[in-house]
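>>> return atomic coordinates for the entry below.
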Amino acid sequence: MSILSQLWWAGVRAAGGEPSVSRALQEAQLSPATEVLAVGKAAAAMCAGALSVLPPKTPALVVTKRDHAGQLKEQYSQVELIEAGHPIPDVQSLLAGQRLYERVRACDSESRLLMLVSGGASALAERLPPGMSLLDWQRKTEALVA
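Residues are numbered from 1 along each chain as shown. Predicted coordinates for the structure are as follows:
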């Protein structure tokens, strides 16, 4: 591998979700979050970065694209993981939207919620307006993607 390739991949790894979030939280020196919500294609990596510096067993909900979670559940048993459809939302996207809503609603005034969002979140977590079916939303999304 050339030196340019090595430099390129070193930069890509350094800018990844896990090291970026870990580094940012350490540098910010904020009070620790009492819960983590992560949504998007990089959600698992971002959550892993957060959980690596937060107190042990900090609860987390991760919503990501299928096959994007890596070893997150093996590393952190307290993570609730939902893998949903992207770019076209699916039934799991609706479940994810509902679970995110429930988790935020359950926070009290003392909660310190850390919300991590990356690309893909708009398909991965959905709450449909009254009267709209998932099929209608999928068709609209397919038209927009096209």
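
>>> I figured Gln92 hits Gln98, correct?
No - applying CB atoms under 8 Å, one finds Gln92 not in contact with Gln98, separated by 10.5 Å. Where you see a C-beta, it was placed from the backbone N, CA and C, and this is true even at glycine.

>>> just the residues contacting stretch 124-139, thanks.
39-41, 43, 63-65, 84-86, 88-91, 93-94, 96-98, 100-101 (CB atoms under 8 Å, 6 or more residues apart in numbering).

>>> of Gln92 and Gln98, give the one with the bigger neighbour count.
Taking other CB atoms under 10 Å, Gln92 and Gln98 do not tie; Gln92 has more neighbours (17 against 14).

>>> the more buried one and Tyr101, how far apart?
15 Å (CB to CB, to the nearest Å).

>>> go on, Leu113?
In terms of CB to CB, Leu113 sits 13 Å off from Tyr101.

>>> please apply the same query to Ala45.
Distance from Ala45 to Tyr101, by CB to CB: 24 Å.

>>> ditto for Leu54
With CB to CB as the criterion, Leu54 and Tyr101 are 23 Å apart.

>>> in this protein, which spans are helices?
3-14, 17-28, 43-51, 72-75, 91-106, 121-124, 134-145 (DSSP state H).

>>> pull the second one out as CSV, backbone CA atoms only.
Output in CSV follows, covering the C-alpha atoms of helix 17-28 (Å, rounded to 0.1, in the frame of the first residue of the first chain):
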residue,chain,number,x,y,z
GLY,A,17,-18.0,7.8,14.2
GLU,A,18,-16.5,5.9,17.2
PRO,A,19,-13.2,7.9,17.6
SER,A,20,-14.8,11.2,16.7
VAL,A,21,-17.6,10.9,19.3
SER,A,22,-15.3,9.5,22.0
ARG,A,23,-12.8,12.3,21.4
ALA,A,24,-15.5,15.1,21.3
LEU,A,25,-17.1,13.9,24.6
GLN,A,26,-13.7,13.7,26.3
GLU,A,27,-12.7,17.2,25.1
ALA,A,28,-16.1,18.7,26.0
